[in-house]
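Visitor: quick one, what's the 3D model for this:
(one chain, ligands or ions: 1)
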Amino acid sequence: MAKIEVPYTHRLDVTLGRLAGSGLLLTSLDRNLKPNVMTIGWGTIGVVWGKPIFTVLVRPSRYTYGCIEATGDFTVNVPTPGMEQVTMICGSRSGREKDKFAECKITPAPGKFVKSPTIAECEICYECVVVNYEDIRAGHLAEEIMQSAYPNADLHRVYYGEILGTFAEK
Ligand SMILES: Cc1cc2nc3c(=O)[nH]c(=O)nc-3n(C[C@H](O)[C@H](O)[C@H](O)COP(=O)(O)O)c2cc1C
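Guide: All right, here's what the predicted structure looks like:
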């Protein structure tokens, strides 16, 4: 899918709608620079420190966690309608055991600003470099959320990714 660079605010309603629906696809590279992809359903886009920021929440148990720790960047990709099977597989299998790009027949495309690839078949792609992270702290979290989201601990690390470039289909 041929893409052009667009402002990060381009079609935000589509991005947020898919985030709350079947999910977005986050890519990262492992220590051996092999790409991995996982589905995310939680995140925000906004402005912090005068910069456009995509925050994503990744549990330490995810293979993706070690990947972002190793290489310090990631991309977030908005699947096109019809890719629900891809978000399902990438949200239920781990890159520890599977090459999800191969299994889902999706194509890693070189990023312009980051090492992690984007996904050629997705309609909007955000290239992000980690500029901060914070761990969710039990004592700071509303009790109701603590119980519903973290029955087994595994509290998320929140990565703040500065959006260096956003690309969308022409
Ligand atoms: C719709 C959906 C949304 C998800 N959102 C998140 C999320 O925001 N953060 C997270 O850590 N895991 C999330 N997951 C779970 C991961 O995608 C899943 O555990 C995945 O297999 C991890 O892959 P990895 O081990 O290759 O990193 C979600 C799963 C689905 C199906």
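
Visitor: for the closest residue to the ligand within the chain, what are its contacts?
Guide: Nearest residue of the chain to the ligand: residue 91, at 2.5 Å (CB to the nearest ligand atom). For glycine as for every other residue, the C-beta is placed from the backbone atoms N, C-alpha and C. Contact partners of residue 91, counting by CB atoms under 8 Å, 6 or more residues apart in numbering, are 23, 38-39, 41.

Visitor: ok, now with 6 Å
Guide: By CB atoms under 6 Å, 6 or more residues apart in numbering, the contact set of residue 91 is 23, 39.

Visitor: how close does it get to residue 64?
Guide: Distance from residue 91 to residue 64, counting by CB to CB, to the nearest Å: 11 Å.

Visitor: flag every residue of the chain that's near the ligand.
Guide: 23, 36, 38-42, 57-59, 62-64, 91-96 (CB under 6 Å from any ligand atom).

Visitor: repeat that for 8 Å
Guide: Listed as neighbours of the ligand in the chain under the rule CB under 8 Å from any ligand atom: 22-23, 36-43, 56-59, 61-65, 67, 87-88, 90-96, 98, 100, 156.

Visitor: which of those residues are buried, as a ChimeraX select command?
Guide: Entered in ChimeraX, the line below selects the buried ones among the residues of the chain next to the ligand, by 16 or more other CB atoms under 10 Å:
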select :22,23,36,37,38,39,40,43,56,57,58,59,62,63,64,65,67,87,90,91,93,95,100,156
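
Visitor: for this protein, which segments count as strands?
Guide: Ranges of strands in the chain, per DSSP state E, are 3-6, 24-29, 35-40, 43-48, 51-58, 73-78, 108-109, 118-119, 124-135, 157-169.

Visitor: mean pLDDT added to these, as CSV?
Guide: Compiled in CSV, the strands of the chain are given as follows (pLDDT from 0 to 100):
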stretch, mean pLDDT
strand 3-6, 98
strand 24-29, 98
strand 35-40, 98
strand 43-48, 98
strand 51-58, 98
strand 73-78, 98
strand 108-109, 98
strand 118-119, 98
strand 124-135, 98
strand 157-169, 98
